[in-house]
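Visitor: have a look at this fold, sequence not included:
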């Protein structure tokens, strides 16, 4: 009988958590484990709004994967997944390499969801990787520099599409950065325009109204003009066209309006909703005993509300933890346990020293929410990389 | 009898030197002096290749003009000159403001000379102001960031047109910066291409051959591909087309091939060669007792060689010094003295710790030339702003 093979696709929160929990609990030679990831680093997706605005160094938001792995237990392969062959139990990489598995963990993350809005894919940026946020940061700076040569107002007009978590947190950082950029490039602050455009009737839909009001007040004071209840009809090379026909000229549109599952999953023939696989209580893809899907690619229904849980880092980490235990049970012949998320609260940053949050049923505002945000961010570092990662990257 | 009015246009090396020398020697109320400049700061033109490459902060290369002026003696006007009305002895600013003079000092600097090469004006950058070099720096960084998203080789191809002083010094800085950018953006150094394209049969035409050879060797080692004896036929949005029809694709073409006098001068009806006024021994425009032209807008013939002196900061500073004395003589009723440049030597930087130079008839290479370069740069700070400016901005 050969050693069982676990293949983990993706080293985001979910995949990496699965890997580090497995390596902690599995013995050498008990299982053959491989982790595949596009980059040789893991990045902290929930922090990316900061380097995108330029308030944090992107290098602060990533860690080399090999420093977190016991490479005697887990083999790391740098590569992009091009195809999952379910019937053959194989995964094909873009390099041509083929990997086989007994158990597959699909933790490939998300892609921007454009809801069919024309031009978004072509002309809008999205906050989704180290490379993408470096591009956004440089694009913003370049437009400040170009404004001083060409004086076109659209060079100083910034549009954030979507008022979910990423959009709101990015606005908090961007409005912190703008005064610095104005100083650096000799630009009058009053010339810079920042818009937030959201189709829903509120920002942070589903969030407590008092917290929402606080967030809007803080961001308005920091210079954001909100256009709520306003769908984007089209994104063009010149800016956006809104539902009511209004056109806002801008060189910089950043789309944060939503995500969908990685397209590799849909292409593999799994049944998906917005690219996400509706998993069972053991996080398995329907009809598969050997394929687990976690993180942003998994759709998990909250039985109390009958609505899906939002795709968050917190849940991805918990899924990875449970999945590792279940894989061990499968291999050693134990019982799998159902995944039940434990929601510890949510905090949204609004920039330096400002945030809002709900922890348990306690509402947090301003400084105390900002403090809690750091606690949460540092906790996820600890869960993924232990004390040593927390020491290296912790937010102080 | 009214107080005579001296109007100085431009606060580059020549105009600023004239102003600071006049304020030192003239008494209050003896003369009414006004200095007009587009920005409220003076910048060190000869340093601009550094912030253009991103090796020095642009703020290090400028100083607020008012900190150098005794505003009881000299009035500072921030504005762009749109017209010189010689007959009416008036100068019109873009703001609509009109200034009158008895003595006019035209020190408006230069503009890029494109020699009629198609597309250069539209698609090439030039190193000519704080705003322009910030744009170049941001453009370079942006292209590194974009490469990581789009992987187009022209995003990592940099073309410097012209192998005069500015071109060579910029190449020295750019090749210092590239390894830093490769590190920052996770780019393999071997993917970055740097070309220097020069129509003349040599780089640094007119310079000593041994020094030229040394410069080319250093820059070649740092990754520059030279294409000498190769005119640029056309600059396009995609790169350049060379004289022999070869096309090099590049997002970044920086033109350093030459300068001409400020176009305001030609429009004012002065007789010019490449926009420069051939001045007499007292730096006057021909046929004018009351108009002096100095710096890059002046054409001064070296009687020994019967060729024009190159437009350098060194000569501009000396012209400002002599002109200030001559204006005092005119106002107090003394004798003007002819301007005779005193050439103290030339050093070209090749990046960190590397340079070539000729001081007297002594050739300098490497570290000793780089040291001499700093001495020269710091000396010009001292001449313009005294000890306090030198303390603030000196190169260490």
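Guide: Looks like it arrived, so ask away. This is a predicted model, so every value here is computed, not measured.
Visitor: up against chain B, what does the stretch 1-150 of chain A have?
Guide: Taking Cβ under 8 Å from any Cβ of the partner chain, the part of the stretch 1-150 of chain A that reaches chain B is made up of A:131-132, A:134-135, A:137-139, A:141-142, A:144-146, A:148-149. C-beta here means a position set from N, CA and C on the backbone, and glycine is covered the same way.
Visitor: buried members of those into PyMOL, please.
Guide: PyMOL command restricting these to the buried ones, with burial defined by 16 or more other Cβ atoms under 10 Å in any protein chain shown:
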select buried, chain A and resi 131+132+134+135+137+138+139+141+142+144+145+146+148
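Visitor: and the residues of the stretch 1-150 of chain A next to chain B, which of them are in strands?
Guide: In strands, judged by DSSP state E, none of the residues of the stretch 1-150 of chain A next to chain B are found.
Visitor: ok, the residues of the stretch 1-150 of chain A next to chain B vs residue A:318, which is closest?
Guide: Relative to residue A:318, the closest of those is residue A:132; by Cβ to Cβ it sits at 26.2 Å.
Visitor: the closest one touches residue A:126, doesn't it?
Guide: Yes. Shown here, residue A:132 and residue A:126 form a contact pair, counting by Cβ atoms under 8 Å, at 6.3 Å.
Visitor: residue contacts, the nearest residue to residue A:69 once chain neighbours are set aside?
Guide: Counting by Cβ to Cβ, 6 or more residues apart in numbering or on different chains, the nearest residue to residue A:69 once its immediate chain neighbours are dropped is residue A:76, at 5.9 Å. Contact partners of residue A:76, counting by Cβ atoms under 8 Å, 6 or more residues apart in numbering or on different chains, are A:34-35, A:37, A:40, A:65-66, A:69.
Visitor: just the buried members of these?
Guide: Using 16+ other Cβ under 10 Å, the buried ones in those are A:34-35, A:37, A:65, A:69.
Visitor: ok, which pair from those residues is furthest apart?
Guide: Farthest-apart pair in the buried ones among the contacts of residue A:76 is A:34 and A:65; separation 12.3 Å (Cβ to Cβ).
Visitor: and chain A, what are its domain boundaries?
Guide: For chain A, automatic domain parsing gives the domain ranges A:5-38+A:79-112+A:259-343, A:114-257+A:345-396.
Visitor: so, low pLDDT: which residues of chain A?
Guide: A:1 (pLDDT under 70).
Visitor: ok, which stretches of it are helices?
Guide: A:13-25, A:49-53, A:120-123, A:130-150, A:165-185, A:209-221, A:263-267, A:313-332, A:366-393 (DSSP state H).
Visitor: contacts for the third one next, please.
Guide: Taking Cβ under 8 Å, 6+ apart as the criterion, the residues outside helix A:120-123 that touch it are A:112, A:114, A:161, A:232, A:235-237, A:253, A:255.
Visitor: what's the closest of those residues to chain B?
Guide: Set against chain B, the nearest of the contacts of helix A:120-123 by Cβ to the nearest Cβ is residue A:112 (13.1 Å).
Visitor: ok, what's across the strand from the closest one?
Guide: residue A:259 (DSSP bridges).
Visitor: that one touches residue A:255, doesn't it?
Guide: Yes. Using Cβ under 8 Å, residue A:112 is in contact with residue A:255, at 6.1 Å.
Visitor: ok, the two, which is more surrounded?
Guide: The residue with more neighbours, out of residue A:112 and residue A:255, is residue A:255; 28 against 20, by other Cβ atoms under 10 Å in any protein chain shown.
Visitor: quick check: closest non-adjacent residue to the more buried one.
Guide: residue A:124 (4.0 Å).
Visitor: quick one: residues contacting that neighbour.
Guide: A:161, A:235, A:253-255.
Visitor: name the nearest residue to residue A:165, ignoring sequence neighbours.
Guide: residue A:348 (5.6 Å).
Visitor: if I look at the one you found, how far off is residue B:344?
Guide: Going from residue A:348 to residue B:344 by Cβ to Cβ, to the nearest Å gives 62 Å.
Visitor: do residue A:291 as well
Guide: For residue A:291, the distance to residue B:344 - Cβ to Cβ - is 77 Å.
Visitor: the more surrounded of the two?
Guide: residue A:291 (23 against 11).
Visitor: any idea how far that one lies from chain B?
Guide: As judged by Cβ to the nearest Cβ, to the nearest Å, residue A:291 and chain B stand 31 Å apart.
Visitor: again, but for residue A:256
Guide: 17 Å.
Visitor: residues in contact with that residue?
Guide: So residue A:256 contacts A:126-127, A:160-162, A:164, A:166-167, A:170 (Cβ under 8 Å, 6+ apart).
Visitor: quick one: contacts for the residue of the stretch 151-300 of chain A found nearest chain B?
Guide: Using Cβ to the nearest Cβ, the single residue of the stretch 151-300 of chain A nearest to chain B is residue A:185, 6.3 Å away. Contacts for residue A:185 (Cβ under 8 Å, 6+ apart) come out as A:144-145, A:147-148, B:134.
Visitor: what's the answer for residue A:335, then?
Guide: Going by Cβ under 8 Å, 6+ apart, the list of residues near residue A:335 reads residue A:329.
Visitor: give me phi/psi at it?
Guide: Main-chain torsions, residue A:335, degrees, to the nearest 10: phi -100, psi 130.
Visitor: could you check how far it is from residue A:325?
Guide: Counting by Cβ to Cβ - residue A:335 and residue A:325 are separated by 10 Å.
Visitor: highest mean neighbour count out of the helices of chain A?
Guide: A comparison of the helices of chain A by mean neighbour count, using mean count of other Cβ atoms under 10 Å in any protein chain shown, puts helix A:49-53 on top with a mean of 28.
Visitor: not counting its own residues, what contacts that helix?
Guide: In contact with helix A:49-53 (Cβ under 8 Å, 6+ apart) are residues A:56-58, A:60-61, A:127, A:130, A:132-134, A:136-137, A:140, A:166, A:169-170, A:172-174, A:176-177, A:254, A:349.
Visitor: and that helix, how far out from the chain's middle?
Guide: 13 Å (Cα atoms, centre = their mean, to the nearest Å).
Visitor: just stretch A:148-159 next, same as before
Guide: Remark: stretch A:148-159 is offset 29 Å from the chain centroid, using Cα atoms, centre = their mean.
Visitor: show the end-to-end separation of that stretch, please.
Guide: 20 Å (Cα to Cα, to the nearest Å).
Visitor: contacts for it?
Guide: A:140, A:143-144, A:146-147, A:174, A:185-187, A:191-197, A:238-240, A:248-254, B:131-132, B:134-135.
Visitor: buried residues, it. List them.
Guide: Quick answer for stretch A:148-159 (16+ other Cβ under 10 Å): A:148, A:154-159.
Visitor: and what of stretch A:236-254?
Guide: Across stretch A:236-254, burial judged by 16+ other Cβ under 10 Å covers A:239-242, A:248, A:250-254.
Visitor: looking at those, which is nearest residue B:276?
Guide: residue A:251 (37.4 Å).
Visitor: quick one on the thing from earlier: make TSV out of the buried residues of stretch A:236-254 and add distance to residue A:50.
Guide: Below are the buried residues of stretch A:236-254 laid out as TSV (distance: Cβ to Cβ, whole Å):
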residue	distance to residue A:50
A:239	25
A:240	24
A:241	30
A:242	28
A:248	25
A:250	22
A:251	22
A:252	17
A:253	19
A:254	14
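Visitor: now, those residues that are in strands?
Guide: Filtering the buried residues of stretch A:236-254 for strands - DSSP E - leaves A:239-242, A:248, A:252-254.
Visitor: and which of those is nearest to residue B:317?
Guide: Closest approach between these and residue B:317, by Cβ to Cβ: residue A:252, at 42.3 Å.
Visitor: what sits against the closest one?
Guide: When contacts are counted by Cβ under 8 Å, 6+ apart, residue A:252 touches A:125, A:139-140, A:143, A:157-159.
Visitor: how about the residues of the stretch 151-300 of chain A by chain B?
Guide: So the stretch 151-300 of chain A meets chain B at A:185-186 (Cβ under 8 Å from any Cβ).
Visitor: mind redoing it with 10 Å?
Guide: Residues of the stretch 151-300 of chain A that fall close to chain B, judged by Cβ under 10 Å from any Cβ of the partner chain: A:183-186.
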